[in-house]
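Participant: Need coordinates for the following:
(chains A and B)
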Amino acid sequence: MLVVSDLSKTYAPGGEPAMAGLDFTVGEREFVCIVGSSGCGKTTMLRCLSGLIPPTEGSIELEGRAVQGPPEDMAYVFQDYSRSLLPWQTVAGNVSFPLKYKGLSKAEAAAATEEALAAVGLADRGRSYPWQLSGGMQQRVAIARALAYKPRILLMDEPFASVDAQTRAELEDLLLDIWRRFEITVLFVTHDIDEAVYLSQRVLVLHKPAHVFEAIDVDLPAERDQMDTKKLPRFGELRSRVLASLRAPDTTSA
Amino acid sequence: MIRARLGDWALALVVPLLLLVGYDLWARGAGDFFFPPLSVIGGNFADDWLFERVPTDLLPSLARMLAGYAIAVAIGVVAGMVLGSLRTLAIALDPVLQFLRALPPPTLIPVSLLVFGAGDSAKIFLIALGALWPVLLNTVDGVRGVDPTVLDMARSYRIPARARLLRVVLPAALPRIFAGARTALAIAIILMVVSELVGASNGVGHTVQLAQRGFNIPEMWAGTVLLGLVGFAFNALFVAVERRALGWHHGSTGRGGAPTRRTRLRRERPRPVLTPTRTAVAVESAAAGPAPTEGSVPDARRQ
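Facilitator: Residues are numbered from 1 along each chain as shown, chains lettered A, B, ... in the order given. Predicted coordinates for the structure are as follows:
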């Protein structure tokens, strides 16, 4: 589905690379989390993957096609929901904003918007403005906008980093539900180890400059539950493994 | 709630009324030729401006002012969008713009009279030139201050460049554009009067000057009062337009009275109540400089 090979990015010529030799593959309908300490180049990686900036070296292929600009089959959910939503548009206006330019008719766009808002539990808030909603609800709007765009892959940049713990747990379960129902692939960047293990089928541990230090398969039962899953001994083991991997001295050659 | 608002209105009327009464009492006692009592000024006002001179002097003045202002806003916004988006061009043109902006527009009256003659064009040119800078510079700042996340979002959703400019950058810069347009409005009204002091055959400023020269002091005061009222009315009109266009902005930044009683009652369609916004500050410091923004860091673009 998504094949990233030997991706590198150096901003200033001759300067420190932000990303060096990044290699990984994401399968169809897989849920992959990427963890890394802050400043390890996660943002650079996401901006390259989403086609916003070109890599210095290497290639990205999405469904067999090279990514050169923002791909049609991808939607990006930003960490800062309050800044990625348009404050002059209503919630429904924000969700349907990209659809017109995707070639959808008014009726199709309205239907897709309604469906997406219902999927995130905001069916009745379409006429509100984003700034009238709580942080968690605003991020749901951003997720609804991504869903209405009908991508095959969802790229998420620490989307739940700035909401409270309770809301975060709700949003995590909402995302898992959406991932199953909409049959999409999710690439989820976070710095929260619990979140990475809880959500994903596979955790990629990034070291600086951004490259995959270790890939850890999450062999937890497919059905996740905030209480039960996190009580499993296996959950604790995986957590420790990811943590150890994050802290491990880098032995791979970049 | 309504009673509280009426109370505010009444309170706001007290000081002007006291000033008027105080002036009138003083003027009646003093009997100064240059400061006639209110009744005399009022009588002249009624004779001149209700409505005999409205078509011959007031309307020509306002038409020139609005024409110049419209030109200034149109050019300022379009050029500002271009300069705000093209960093290189903005840097290259910066010294020229700063120089032109620093020229006090009245100094151009002799030049514009030579170029355009004594008709309306010279006056419209002067008004447009003076009102242009606050709009232009604020638009540039507004465009540069657009949040990079919003631009990334628009690009990642493959919004075409034209739509990004008109439907993302322009609305995002609108609060700054309005701040500039409000400063420009005050300048346009000033220049409307100034432009009529030289080489004019009609207009409110012309009337006031003629009255002064003919020692027709009450008529001079009547014209002055009219100019004050014109400025007041246009500012009120501007505030009303701005409140409509930027309701989202006042709501999202919690400014302009958004968290007050009225908005809380009607969450779906926020309409901030009348409160001075930061744009009001810009008018007072009418030196045509860009007004302060909150939270926007120009050139904070990533990568």
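Participant: Please state the offset of the host helix or strand of residue B:66 from the chain centre?
Facilitator: Residue B:66 is part of helix B:59-85, with elements assigned from DSSP states H and E. Relative to the mean C-alpha coordinate of its chain, helix B:59-85 is positioned 11 Å out (CA atoms, centre = their mean, to the nearest Å).
Participant: Of all the residues in the helix or strand that it is followed by, which ones are buried?
Facilitator: Going down the chain from helix B:59-85, the next helix or strand is helix B:87-102, by DSSP H and E. By neighbour count on 16 or more other CB atoms under 10 Å in any protein chain shown, the buried set for helix B:87-102 is B:90, B:97, B:101. To be clear about C-beta, it is placed using only N, CA and C from the backbone, and glycine gets the same treatment.
Participant: Kindly report the same for stretch A:159-175.
Facilitator: By 16+ other CB under 10 Å, the buried positions in stretch A:159-175 come out as A:159-160, A:162-163, A:167-172, A:174-175.
Participant: TSV please, covering the residues you listed and showing distance to chain B.
Facilitator: Shown next, in TSV, are these (distance: CB to the nearest CB, whole Å):
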residue	distance to chain B
A:159	13
A:160	16
A:162	13
A:163	17
A:167	20
A:168	20
A:169	25
A:170	23
A:171	19
A:172	22
A:174	21
A:175	18
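Participant: give me the element the nearest residue to residue A:110 once chain neighbours are set aside is part of.
Facilitator: Leaving aside its sequence neighbours, residue A:110 sits nearest to residue A:96 (CB to CB, 6 or more residues apart in numbering or on different chains; 6.9 Å). In this assignment (DSSP H and E), residue A:96 forms part of helix A:91-101.
Participant: other SSEs contacting the helix holding residue B:66?
Facilitator: Counting by 3 or more CB pairs under 8 Å, 6 or more residues apart in numbering or on different chains; DSSP states H and E, the packing neighbours recorded for helix B:59-85 are helix B:87-102, helix B:120-144, helix B:170-195.
Participant: Can I get the ones you listed in TSV including distance to chain A and mean pLDDT?
Facilitator: Conversion of the helices and strands packed on helix B:59-85 to TSV gives the following (distance: least, CB to the nearest CB, whole Å; pLDDT from 0 to 100):
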stretch	distance to chain A	mean pLDDT
helix B:87-102	17	91
helix B:120-144	13	95
helix B:170-195	5	96
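Participant: Might you enumerate the residues of the stretch 151-300 of chain B proximal to chain A?
Facilitator: B:152-153, B:155-160, B:163, B:167-168, B:171-172, B:174, B:248-249, B:251-252, B:267-268, B:270 (CB under 8 Å from any CB of the partner chain).
Participant: still on that earlier bit, pull up the gap between the residue nearest to residue A:110 and residue B:75, please.
Facilitator: 34 Å (CB to CB, to the nearest Å).
Participant: Count the neighbours of residue A:97 for me.
Facilitator: Neighbour count for residue A:97, taken as other CB atoms under 10 Å in any protein chain shown: 24.
Participant: typed the wrong thing, it's residue B:238
Facilitator: Neighbours of residue B:238 using other CB under 10 Å come to 17.
Participant: quick check, it in a helix?
Facilitator: Yes. Per DSSP: H, G, I helix; E, B strand; the rest coil, residue B:238 lies within a helix segment.
Participant: contacting residues for it?
Facilitator: Residues counted as contacts of residue B:238 (CB atoms under 8 Å, 6 or more residues apart in numbering or on different chains) are B:181-182, B:185.
Participant: would you list every one of the strands in the stretch 151-254 of chain A?
Facilitator: With strands called from DSSP state E, counting those that start in this stretch, the stretch 151-254 of chain A shows them at A:153-157, A:185-190, A:202-207, A:211-217.
Participant: Quick check: which of these is nearest to chain B?
Facilitator: strand A:153-157 (8.3 Å; CB to the nearest CB).
Participant: Now residue B:218: closest residue in space that isn't a chain neighbour?
Facilitator: In space, residue B:218 comes closest to residue B:44 once its chain neighbours are excluded; the distance is 4.1 Å by CB to CB, 6+ apart.
Participant: The one you found touches residue B:222, doesn't it?
Facilitator: Yes. With contact defined as CB atoms under 8 Å, residue B:44 and residue B:222 form a contacting pair (4.1 Å).
Participant: And the two? Which one has more around it.
Facilitator: A count of neighbours by other CB under 10 Å puts residue B:222 above the other of residue B:44 and residue B:222, at 25 against 21.
Participant: tell me the angle of the strand or helix carrying that one relative to helix B:59-85?
Facilitator: Per DSSP H and E: residue B:222 is located in helix B:217-245. Following axes from the mean of the first three to the mean of the last three CA atoms, to 10 degrees, one obtains 40 degrees for the angle between helix B:217-245 and helix B:59-85.
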